[in-house]
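J.: I would like to see how this sequence folds:
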Amino acid sequence: MIIRVAKIQDANKIMLMYKSCVNGMIKAGIDQWDYSYPNIDVITQDINKKNYFVAEINKEIIGGIAIDKNQDREYLNISWINESNRFLVVHRLAVKEDMWNHKIGKKLMVFAEEKAIKNNFHSVRLDTYSGNPKAMNFYKNIGYIELGSINLKPNKNEYYCFEKILS
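T.: Reported below is the predicted structural model:
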């Protein structure tokens with residue numbers, strides 16, 4: 001498996017990966033995402049900013065992650081451990097459904113953390129949907145600390161914010 005920066009010509013394959021992931025989430029009773037989000041416009045913006053990365057096996061995109069410094073305004077309501085401005089934020093981590101439980105998500109998160117360390121950031125922040133216990137357990141198991149909740153979307157439950165301090 002390789003992880004590389006996404007190219008604009010990857011957009012349709014990335015959307016197929018998200019469709020697979022969303023299908024799996026819906027089957028599991030998780031309503032975090034649907035067929036309107038993540039969408040091609042959001043992913044194209046990530047690609048154009050060069051902050052979207054894909055996990056690929058034999059030229060097939062099996063996972064993806066956006067990594068940048070942009071946090072939702074709601075994050076300002078959280079008491080973060082790292083109070084400096086040296087953090088990265090993870091968005092839209094996803095893995096194709098048939099690749100769940102193959103540690104692809106963990107490898108993408110390690111990639112994000114290594115990128116942060118290499119660029120002298122002190123922590124990684126993210127949020128995940130309260131209705132997605134699998135994701136919440138995943139982040140806790142890889143060393144992220146739950147720091148509070150925020151409301152991001154109307155008609156959705158709260159999202160929990162997590163942070164991992166990097167050494």
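J.: switch to C-alpha atoms for all contacts and neighbour counts from now on
T.: Fine.
J.: where along the chain do the helices fall?
T.: 11-27, 40-48, 104-118, 133-141 (DSSP state H).
J.: between these, which one is closest to Leu93.
T.: Distance to Leu93, taken as Cα to Cα, is lowest for helix 104-118 among those, at 7.1 Å.
J.: ok, which of the helices of the chain comes nearest Trp33?
T.: So among those, helix 11-27 is nearest, using Cα to Cα, at 6.3 Å.
J.: which elements pack onto that closest one?
T.: With contacts taken as 3 or more Cα pairs under 8 Å, 6 or more residues apart in numbering; DSSP states H and E, helix 11-27 sits against helix 40-48, strand 60-68, strand 87-95.
J.: mind putting those into a markdown table with distance to Gln32?
T.: Listed next are the helices and strands packed on helix 11-27 as a markdown table, based on distance: least, Cα to Cα, whole Å:
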| stretch | distance to Gln32 |
| --- | --- |
| helix 40-48 | 16 |
| strand 60-68 | 16 |
| strand 87-95 | 11 |
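J.: of those, which is nearest Cys161?
T.: Among these, strand 87-95 sits nearest to Cys161 (Cα to Cα), with 10.6 Å.
J.: of the helices of the chain, which is nearest Asn77?
T.: helix 133-141 (19.6 Å).
J.: quick revisit: can you put the helices and strands packed on helix 11-27 in TSV and add mean pLDDT, mean neighbour count and distance to Ile78?
T.: What follows is the helices and strands packed on helix 11-27, written out as TSV (pLDDT from 0 to 100; neighbours: other Cα atoms under 10 Å; distance: least, Cα to Cα, whole Å):
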stretch	mean pLDDT	mean neighbour count	distance to Ile78
helix 40-48	98	16	25
strand 60-68	98	23	18
strand 87-95	98	23	14
